[in-house]
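> Please work out how this folds:
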Amino acid sequence: MIRTFIAVAITETVRQQIGKLQTELKTIGGKVRWVKPDSMHLTLKFLGEVPEGDIEKIGNQVQQAIESVEPFALQIVGSGCFPNSKRPRVLWLGISGQADVLKKLAKRIEANLVKLGFRRERREFTPHLTLGRVKSISGIAPLIEKMGLLDFDSEPFEVREILVMKSDLKPTGAEYSVLRKIPLSSN
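Numbers count the residues shown, from 1 in each chain. Here you go, the predicted structure:
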């Protein structure tokens, strides 16, 4: 079984910008497990444990879902917490630019994967990049306050492909690898 998800890659320059932001935020304190910048991506759909033999079918359904979708631009902007600032569990950065294209793409991918027996998400897709996961809310208030005041804008980047990815859970955190790259239309 392979722990699988569908994602969009973030450029190296944007990851470096986010890494600098994390370095600044870490000085504020709070118990947070920060996502390593080189592991950052935008998850479109988490599939869970999948038989290795199904990976090709998944890739084919994703490819079918993104037919005729041309490359588009995104930017990482703004910040917040899930589920809210009173009980934060996830610290996130927002997505702007052609985020509507990303949402439509996620919806199309999900619809195609439902055909393979994957469950539809209960909540609507909210494009975001996970910055860190809160381990304890004790002493987290100053960091949450700073997150609310954050004025972060990455440089824009172009999405040219969708990735079928594998996640290996290790004691040091998840390690990700690409199983398949599916290019967007170049019409």
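> residues of the helix or strand of the chain with the lowest mean pLDDT that come out buried?
Lowest on mean pLDDT, DSSP states H and E among the helices and strands of the chain sits helix 141-149, with a mean of 88. Judged by neighbour count using 16 or more other C-beta atoms under 10 Å, the buried positions of helix 141-149 are Leu143, Ile144, Met147. (C-beta placed from N, C-alpha, C; glycine too.)
> Quick check: closest non-adjacent residue to the last one.
In this structure, Met147 finds its nearest non-sequential neighbour in Ser79, 4.9 Å apart by C-beta to C-beta, 6 or more residues apart in numbering.
> beta partners of that neighbour?
Per DSSP bridges, the residues bridged to Ser79 are Leu93.
> List the residues that contact the residue nearest the centre of the chain.
Centroid check for the chain by C-alpha atoms, centre = their mean gives Leu42 as the closest residue, at 2.3 Å. Counting by C-beta atoms under 8 Å, 6 or more residues apart in numbering, Leu42 makes contact with Ala7, Val8, Ile10, Leu74, Ile95, Leu102, Pro127, His128, Leu129.
> Now go through the residues you listed and say which are in helices.
Among the contacts of Leu42, the residues falling in helices (DSSP state H) are Leu102.
> With neighbour count and distance to Tyr176 as extra columns, can I get the contacts of Leu42 in TSV?
Formatted as TSV, the contacts of Leu42 follow (neighbours: other C-beta atoms under 10 Å; distance: C-beta to C-beta, whole Å):
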residue	neighbour count	distance to Tyr176
Ala7	19	8
Val8	22	13
Ile10	22	12
Leu74	24	19
Ile95	21	19
Leu102	19	19
Pro127	21	18
His128	19	17
Leu129	23	14
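> Closest one of the contacts of Leu42 to Leu179?
Closest to Leu179 out of the contacts of Leu42 is Ala7 (10.7 Å), distances taken as C-beta to C-beta.
> so the closest one makes contact with Ser167?
No: applying C-beta atoms under 8 Å as the test, Ala7 and Ser167 come out as separate, 9.8 Å apart.
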